[in-house]
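Chemist: Show me how the following folds:
(one chain, ligands or ions: 1)
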Amino acid sequence: MRQAWRVADVRAAEQSLMATLPEGTLMQRAAAGLARRCALLLEDAGGVYGARVVLLVGSGDNGGDALYAGAALARRGAQVRALLIRPDRVHLAGLRALRAAGGFTVRELPGQADLVVDGIVGIGASGGLRKPAAALVEGLGELRGRSGRRAPVVAVDVPSGVAVDTGDVPGAAVSADVTVTFGCLKPAHVVGPAAVRCGQVELVDIGLGPVLRADPAVSVPDAADIAEWWPRPDHASDKYTRGVVGIATGSATYPGAALLGVSGALAGPTGMVRYAGSAHAEVVRAHPSVVAVPRFPDAGRAQAWVCGSGLGTDDDARTTLRSVLATALPVVLDADALTLLIDGKHAKDLRRDAPVVVTPHDGEFKRLAGEAPGPDRVGAALKLASWMNAIVLLKGDRTIVATPAGEVWVNPTGTSALATAGSGDVLAGLLGSLLAGGLPAERAAVAAAYAHGLAGRRAAEEGPVTAPDIAAALRHTVFDLTGQ
Ligand SMILES: NC(=O)C1=CN([C@@H]2O[C@H](COP(=O)(O)OP(=O)(O)OC[C@H]3O[C@@H](n4cnc5c(N)ncnc54)[C@H](O)[C@@H]3O)[C@@H](O)[C@H]2O)[C@@H](O)CC1
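Modeler: Reported below is the predicted structural model:
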């Protein structure tokens, strides 16, 4: 897994590390790593010697990093030009180093470049990018160099203009091909529209790890985490010990929601799927292995329930939701179940010991929380999790999982292929199966989002994606992840 820390925690760690080191050591380490990555890019595009490098240099230490890295490239024969955003406020030692290496300053963006280094602003940024930097970043992607190739943009620490702690992009901002960051990841590298602006993120070790004492702001799972967590049967397993998941979604009016939830659940680790609801006949016809009944009280035992999508919002739906919440089992609430929560009539039902996972998209989030997630999606998800005492899976390009205890995960496998009707039903079913299979609720939510994203990508390889394609791709995805 990867983890990201907030600016205040990074600053505290840097300060305690700097106190033990000769002045400037950290910047030298950062600049060396930055220069190395820039040189690799130039080597791929005709070599460092003779390459035209443009540095965009802001007034803080981020600009200092760019200047020192520029000096290192100039020593290898690159033609390095620095455009100073505020010539009256520049990292003087960095500028001296650049000049001593043969680099020089320019007043305007040159017409040609083989590489652009964005050192306008780093973790010291506040608010959106200000003039004149804002105007400067507009045309960056157009610069071309030797053999007409577009000049890659390398962001120093973070792309200038992004909100580092939230991943928001409030205005003009750099879109980087590569972001070279120092010490640890920050939230902007992994969440929100900023993450897309980072391009490929490369972490340079400057020795921060041992002094980074604060809890991370967000964690990002990788395939190894999901493989480790995924419940697997062993020689002693039977259909009951693997867990039984119950699906209370869909209706005679919306049987599709039931079928999709069930198909998501069938791709999970449980040994049996039960269904309770008025789409029972359709469910059995499509999935003969499912034990389906019309009413929740007749459903039999399960280890987790999924309730919501396609259920409707009438009295019967309310009764089902109330019954599901009255169990002592982990529960996933989606779609119509979330709508039923909005009037507060189920506040008492939500006071339960077993976990509740809610899976809103932005519209549902707004109705549940009373306001849209806004620019700080992690903060918003955490607030709702704490308020509802539930795990919140906030759907999006980078789906967020937030817990009432303050943990946050961001899913890295999202794809626009998942933005299709019924996709969330498949996710909820899979999540229910992981819960019933015994995973702690936040891990079940993280693992479900991860596998769901991979399945969406896999399905997209074969053409336009519908929800049944995602469910079908899940089986292969789970096999790839777990070997089973
Ligand atoms: N602190 C450390 O130990 C290290 C810091 N390093 C670098 O230092 C950076 C942080 O340096 P600073 O604290 O000097 O801060 P920055 O260089 O990120 O930014 C500070 C400057 O940017 C201007 N600024 C702020 N918001 C702006 C906006 N919205 N539009 C335009 N200009 C804006 C401010 O006027 C200020 O002068 C890191 O991102 C990293 O690149 C690295 O050298 C590694 C070590």
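Chemist: what's across from V106 in the sheet?
Modeler: Per DSSP bridges, the residues bridged to V106 are L83.
Chemist: got it, and V392?
Modeler: Residues in a beta bridge with V392, per DSSP bridges, are V358, A402.
Chemist: Residue of the stretch 351-484 of the chain closest to the ligand, please.
Modeler: Nearest to the ligand, among the residues of the stretch 351-484 of the chain, is P375, at 14.6 Å (Cβ to the nearest ligand atom). Any C-beta I mention is one placed from the backbone N, CA and C, and that applies to glycine too.
Chemist: Was I right to think that residue contacts T166?
Modeler: Yes - under the contact definition of Cβ atoms under 8 Å, P375 touches T166, with a separation of 5.8 Å.
Chemist: check which helix or strand covers the residue lying closest to the residue of the stretch 351-484 of the chain closest to the ligand once chain neighbours are set aside.
Modeler: Spatially, and ignoring its direct neighbours in sequence, P375 is nearest to D168 (3.7 Å; Cβ to Cβ, 6 or more residues apart in numbering). In this assignment (DSSP states H and E), D168 forms part of neither any helix nor any strand.
Chemist: Please report phi then psi for D168.
Modeler: Main-chain dihedrals, D168, degrees, to the nearest 10: phi -80, psi 160.
Chemist: before we move on, the earlier item: which one's more surrounded, P375 and T166?
Modeler: Using other Cβ atoms under 10 Å, the more surrounded residue of P375 and T166 is T166, with 22 against 15.
Chemist: any idea whether that one is helix, strand or coil?
Modeler: With DSSP: H, G, I helix; E, B strand; the rest coil as the basis, T166 sits in coil.
Chemist: and it, backbone torsions?
Modeler: Per-residue torsions, T166: phi -110, psi -20 (degrees, to the nearest 10).
Chemist: Spell out which parts of this protein neighbour the ligand.
Modeler: 14, 18, 26-27, 30, 58-63, 65, 121-130, 133, 156-157, 182, 206 (Cβ under 6 Å from any ligand atom).
Chemist: still on that earlier bit, can you give me every residue that contacts the residue nearest to P375?
Modeler: 162, 192-194, 375-376 (Cβ atoms under 8 Å, 6 or more residues apart in numbering).
Chemist: Please list only the buried members of these.
Modeler: For the contacts of D168, a burial check counting by 16 or more other Cβ atoms under 10 Å picks out 162, 192-194, 376.
Chemist: Closest to the ligand out of the residues you listed?
Modeler: Looking across the buried ones among the contacts of D168 and measuring by Cβ to the nearest ligand atom, the closest to the ligand is V162, at 10.0 Å.
Chemist: quick one: what helix or strand has the closest one in it?
Modeler: Using DSSP H and E, no helix or strand contains V162.
Chemist: And V80, by the same measure?
Modeler: Assigned by DSSP H and E, V80 belongs to strand 79-84.
Chemist: same for the helix or strand just after that strand, what does it pack against?
Modeler: Elements were assigned by DSSP H and E; along the chain past strand 79-84, the next helix or strand is helix 92-100. Applying 3 or more Cβ pairs under 8 Å, 6 or more residues apart in numbering; DSSP states H and E, we find helix 92-100 packed against strand 52-57, helix 61-75, strand 79-84.
Chemist: Give me the mean pLDDT for the last one.
Modeler: Confidence over strand 79-84, taken as the mean pLDDT, stands at 98.
Chemist: So what touches that strand?
Modeler: By Cβ under 8 Å, 6+ apart, strand 79-84 touches 50-57, 63, 66-67, 70-71, 73-74, 90, 95, 98, 101-110, 136.
Chemist: Please find the angle between the direction vectors of it and strand 52-57.
Modeler: When axes from the mean of the first three to the mean of the last three Cα atoms, to 10 degrees is applied, the directions of strand 79-84 and strand 52-57 differ by 20 degrees.
Chemist: okay, the angle between strand 79-84 and helix 92-100?
Modeler: For strand 79-84 against helix 92-100, the angle between stretch directions is 150 degrees (the same axes, to 10 degrees).
Chemist: Roughly how far does A257 sit from the ligand?
Modeler: As judged by Cβ to the nearest ligand atom, to the nearest Å, A257 and the ligand stand 45 Å apart.
Chemist: Can you check my assumption that that residue lies in a helix?
Modeler: Yes - when three-state DSSP is applied, A257 is found to be in a helix.
Chemist: Ignoring the adjacent residues along the chain, who's closest to it?
Modeler: Nearest residue to A257, sequence neighbours excluded (Cβ to Cβ, 6+ apart): G310, at 2.6 Å.
Chemist: if we can go back for a sec, intersection of neighbour lists for P375 and T166?
Modeler: With Cβ under 8 Å, 6+ apart as the test, P375 and T166 both reach G192.
Chemist: list the contacts for E138?
Modeler: Neighbours of E138 in contact, by Cβ under 8 Å, 6+ apart: A172.
Chemist: Test my guess that V426 contacts A451.
Modeler: No - between V426 and A451 there is no contact, the gap being 10.2 Å when judged by Cβ under 8 Å.
Chemist: In contact with T179, which residues?
Modeler: 154-155, 157-159, 189, 198-202.
Chemist: so which strand or helix has it?
Modeler: T179 belongs to strand 178-182, assigned by DSSP H and E.
Chemist: tilt between that strand and helix 61-75?
Modeler: Between strand 178-182 and helix 61-75, the angle comes out at 110 degrees (the same axes, to 10 degrees).
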